[in-house]
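Student: sequence and predicted structure are below.
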Amino acid sequence: MVALVIALALFFDFTNGFHDTANAMATPIATGAIKPKTAVALAAVLNLVGAFLSTEVAKTISGGLIREGSEGIHITPDIIFAGLMGAVLWNMITWLKGLPSSSSHALFGGLIGAAVVGIGLHSINFETVLQKVILPAIFAPLIAGLVAYICTRLAYALTSRHDPETGDKLTQKRGGFRTGQIFTSSLVALAHGTNDAQKTMGIITLVLIAAGTQEPGSGPQFWVIAACAFAIAIGTYAGGWRIIRTMGSGLTEVKPAQGFSAETSTASAILASSHLGFALSTTQVASGSVIGSGLGRKGTSVRWGTAGKIALGWLFTLPASAIVGALTALLVSIGVVGVVIAAVVGTAAVLSMFIVSRRSHVGHHNAVEVEEAGHAVRFRKKKKNQKTTKSEDVQR
Amino acid sequence: MKWLELLQVGGVTLVAAVTLVVLYSLGVRLTAIAGDAQQKSPGLVRSLAYVCFGVCGIAVLFGIYLIVPYFGN
C-alpha cells in the first residue's frame, strides 16, 4: 500500500509539473521571447533546482487541514491514496479542458473528501480550510492582478517616448523586455519548484510517518526530495500545451512589457507568500497576473469569457476532487479488492483521457501561433473582433 | 484570521515587483535613448542603463538569498 501511494504521489507530482508549466512559460512563449521547446526545458531544470532549494513548505503542507493526532485520529495510507486519486483525476480533466486549475486545491479537495468518508466529518478542521484554502483562493488572484496592473502601467509610462518638440510618438524600443522575460519566467519556474514540488514531498513524508517507517515530525528524506524534484521536472518537460494555449493567448494578448510585468508580479507573490507562510496557489497567482497586465495596457482587452471559465474551474476544483477522493475512500474501505479496483479504474481513466487528448493534439508546434510578421501592428483589435474570438474560445 | 499576514504578503509582493519593473524599465528606456542618433554621450547613458539592469539582477539575487533557508534564515 505504501509503495502504491508513493507511486501515485509521484504521478501527481508529474501532473502538477505539466499542469503548471503554463504558469511560468505561457507568456514568454506567447510573446516569442523563448522558443517553446527551450522554454519547457528551462522550466524543467529550474523546477528541479527549486525543489532542492527549499523544503520549508514540505514540512507545513497538509498539516492542520485534517486533525491528526488529537482525539486519536490517524491518517492512514488508505486515506492519502484516495485523496491523491481525486487530485490526479481532477488534474487530468482540467488539463484535457485546457483550464489552468490549482493543483494544490485538487490535492486539498481530494484529501478532505477522503477524510470525510474514511474517518468522518469531525476530522476536518474547517477553520483551517477557510484560512488556508478558501481565503487565499480569493485574494491570490486579486493581489497578483493588482500588482501586475500597477507594474504594467509603470512599465509603459516609463518607456513611452514622445518627441519633445512635435509630441509625435518615437519608436518605443521596448525589445529589451523580451530579453527580460527570459529571466522573469525563469524566476517563476524556480518559485514553482520551491513551492509545488514540496506538496508531494509533504504527502510522501506523511505516508512514511503514517506507515511507521519514519519518525513523526521529521523532515522529508533525501530520496523523497530527489524523486519529487525529478518527477516534477519530467512533468514540466512533458509540457501542458493545452493550458499554455489558454494562458498565453486565451486570456489577453500579451506584449513583452506586459509579460515581464505579469511574471515579475507572479514570482514576487509566490516567493513572498511561500516564505511568509501564507500559501497561495501558483496557478491562481499567475492567472491573476496575466489578467492584471491585460487591464494595465491601453488597447488590450481581456477575454472575460475565458476568465470566467477558468474561475468556474477553480470553484469546482475543491468539491470535484473531494467527490472523487470520497468515492475512492469508499472503495478502499472495502479492503484489498477495493484498492485494486480503485487503482485499475484510476489508471483506466487516466489512460482514456490521454487517448482522447491525442485526438485533438495540442503540441509545441501549435500551442501559441506566433506571427512574426505584423506582430507590432496588431494590437488594437475592435470589440467586435474580440467577440468573435471569444466565441471561438468557448467552442474550443 | 490572518489579515496581517495577507497584508504582509500583498505589500512585499507590491514592493518587490514594482522595484524590479521600475529598474528594468529605466534600463530599457536608457538603452533606447542611447540608441538615438542625436544623443551626445551615448556611452554614458548606455552604462547607466547597464547599471539599472545590474541593480535589477542584484535585487533578484538578494530576493532568492532571502528565501533559501540554507543561508541561515
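Tutor: That came in fine, so what should we check first? Numbers count the residues shown, from 1 in each chain, chains lettered A, B, ... in the order given.
Student: give me the mean pLDDT for the one helix or strand residue B:58 maps to.
Tutor: Residue B:58 belongs to helix B:42-67 when assigned by DSSP states H and E. Across helix B:42-67, pLDDT averages out at 82.
Student: who in chain B is up against chain A?
Tutor: B:1-2, B:5-6, B:8-10, B:12-14, B:16-18, B:20-22, B:24-29, B:31-32, B:35, B:57, B:60, B:63-64, B:66-70 (C-beta under 8 Å from any C-beta of the partner chain). Every residue, glycine included, has its C-beta placed from N, CA and C.
Student: alpha carbons of stretch B:47-63, as CSV, please.
Tutor: Extracted as CSV, the C-alpha positions of stretch B:47-63 are listed here (Å, rounded to 0.1, in the frame of the first residue of the first chain):
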residue,chain,number,x,y,z
SER,B,47,26.5,52.5,-19.0
LEU,B,48,23.7,54.0,-16.8
ALA,B,49,21.3,51.6,-18.5
TYR,B,50,23.6,48.7,-17.6
VAL,B,51,23.8,49.9,-14.0
CYS,B,52,20.0,49.7,-13.9
PHE,B,53,20.0,46.1,-15.3
GLY,B,54,22.7,45.2,-12.9
VAL,B,55,20.9,46.6,-9.8
CYS,B,56,17.8,44.8,-11.0
GLY,B,57,19.7,41.5,-11.2
ILE,B,58,21.2,42.1,-7.7
ALA,B,59,17.7,42.7,-6.3
VAL,B,60,16.6,39.4,-7.7
LEU,B,61,19.6,37.5,-6.3
PHE,B,62,19.0,39.2,-2.9
GLY,B,63,15.4,38.0,-3.0
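Student: quick one: buried residues of that stretch?
Tutor: Buried residues in stretch B:47-63, defined by neighbour count with 16 or more other C-beta atoms under 10 Å in any protein chain shown: B:48-49, B:52-53, B:55-56, B:60, B:63.
Student: again, but for stretch A:306-325
Tutor: A:306-307, A:309-310, A:313-314, A:316-318, A:320-325.
Student: surely residue B:66 is in contact with residue A:274?
Tutor: No. Between residue B:66 and residue A:274 there is no contact under C-beta atoms under 8 Å: 11.8 Å.
Student: and these two? which has more neighbours close in?
Tutor: Set residue B:66 next to residue A:274 and count neighbours by other C-beta atoms under 10 Å in any protein chain shown: residue A:274 wins out with 24 against 13.
Student: surely the more buried one is within a helix?
Tutor: Yes. The assignment for residue A:274 (DSSP: H, G, I helix; E, B strand; the rest coil) places it in a helix.
Student: now do the same for it: its pLDDT.
Tutor: pLDDT, read off for residue A:274, is 72.
Student: that one and residue B:67 touch, don't they?
Tutor: Yes. Here residue A:274 reaches residue B:67: they are 7.5 Å apart, a contact under C-beta under 8 Å.
Student: on that earlier part again, need the buried residues of stretch B:47-63 in CSV with distance to residue A:195, can you?
Tutor: Converted to CSV, the buried residues of stretch B:47-63 look like this (distance: C-beta to C-beta, whole Å):
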residue, distance to residue A:195
B:48, 36
B:49, 33
B:52, 29
B:53, 27
B:55, 26
B:56, 23
B:60, 17
B:63, 14
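Student: thinking again about what came up before, closest one of the buried residues of stretch A:306-325 to chain B?
Tutor: residue A:314 (18.3 Å; C-beta to the nearest C-beta).
Student: now the host helix or strand of that closest one: mean pLDDT?
Tutor: Taking DSSP H and E as the definition, one finds residue A:314 inside helix A:304-334. Across helix A:304-334, the average pLDDT comes to 81.
Student: can you check stretch A:181-191 too?
Tutor: What stretch A:181-191 shows for mean pLDDT is 84.
Student: how near is the nearest residue to residue A:211 once chain neighbours are set aside to chain B?
Tutor: Nearest residue to residue A:211, sequence neighbours excluded (C-beta to C-beta, 6 or more residues apart in numbering or on different chains): residue A:2, at 4.7 Å. In this view, residue A:2 and chain B are 28 Å apart by C-beta to the nearest C-beta, to the nearest Å.
Student: residues contacting residue A:2?
Tutor: Counting by C-beta atoms under 8 Å, 6 or more residues apart in numbering or on different chains, residue A:2 makes contact with A:77, A:207-208, A:211, A:213.
Student: let's have the residues you listed in JSON lines, adding pLDDT and secondary structure.
Tutor: Putting the contacts of residue A:2 into JSON lines (pLDDT from 0 to 100; DSSP: H, G, I helix; E, B strand; the rest coil) gives the following:
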{"residue": "A:77", "pLDDT": "77", "secondary structure": "helix"}
{"residue": "A:207", "pLDDT": "79", "secondary structure": "helix"}
{"residue": "A:208", "pLDDT": "80", "secondary structure": "helix"}
{"residue": "A:211", "pLDDT": "72", "secondary structure": "coil"}
{"residue": "A:213", "pLDDT": "71", "secondary structure": "coil"}
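Student: select only the buried ones of those residues in PyMOL?
Tutor: To isolate in PyMOL the members of the contacts of residue A:2 that are buried, counting by 16+ other C-beta under 10 Å, one can use:
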select buried, chain A and resi 77+207+208+211
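Student: dump the contacts of residue A:2 to a markdown table, plus distance to residue A:93.
Tutor: As requested, the contacts of residue A:2 are exported to a markdown table (distance: C-beta to C-beta, whole Å):
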| residue | distance to residue A:93 |
| --- | --- |
| A:77 | 25 |
| A:207 | 24 |
| A:208 | 29 |
| A:211 | 30 |
| A:213 | 33 |
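Student: list the residues that contact residue A:146.
Tutor: So residue A:146 contacts A:292, B:14 (C-beta under 8 Å, 6+ apart).
Student: looks to me like it is in a helix.
Tutor: Yes. Judged by three-state DSSP, residue A:146 forms part of a helix.
Student: make a ChimeraX selection of the buried ones in the residues of chain B next to chain A.
Tutor: Selection of the buried residues among those in ChimeraX, burial being defined by 16+ other C-beta under 10 Å:
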select /B:6,8,9,10,12,13,14,16,17,18,20,21,22,24,25,26,27,28,29,31,32,60,63,64,67
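Student: for chain B, which helix extends over the most residues?
Tutor: helix B:3-34 (DSSP state H).
Student: any idea how far that one is from the chain center?
Tutor: 6 Å (C-alpha atoms, centre = their mean, to the nearest Å).
Student: do the same with stretch A:6-15
Tutor: For stretch A:6-15, the distance to the chain centre is 15 Å (C-alpha atoms, centre = their mean).
Student: buried ones in it?
Tutor: In stretch A:6-15, counting by 16+ other C-beta under 10 Å, buried: A:6, A:8-15.
Student: let's verify the residue nearest to residue A:309 when sequence neighbours are not counted: helix, strand, or coil?
Tutor: Nearest non-adjacent residue to residue A:309, counting by C-beta to C-beta, 6+ apart: residue A:99, 6.9 Å away. Of the three states, residue A:99 takes coil under three-state DSSP.
Student: I'd say residue A:99 and residue A:310 touch.
Tutor: Yes. Contact criterion C-beta under 8 Å: residue A:99 and residue A:310 qualify, at 5.8 Å.
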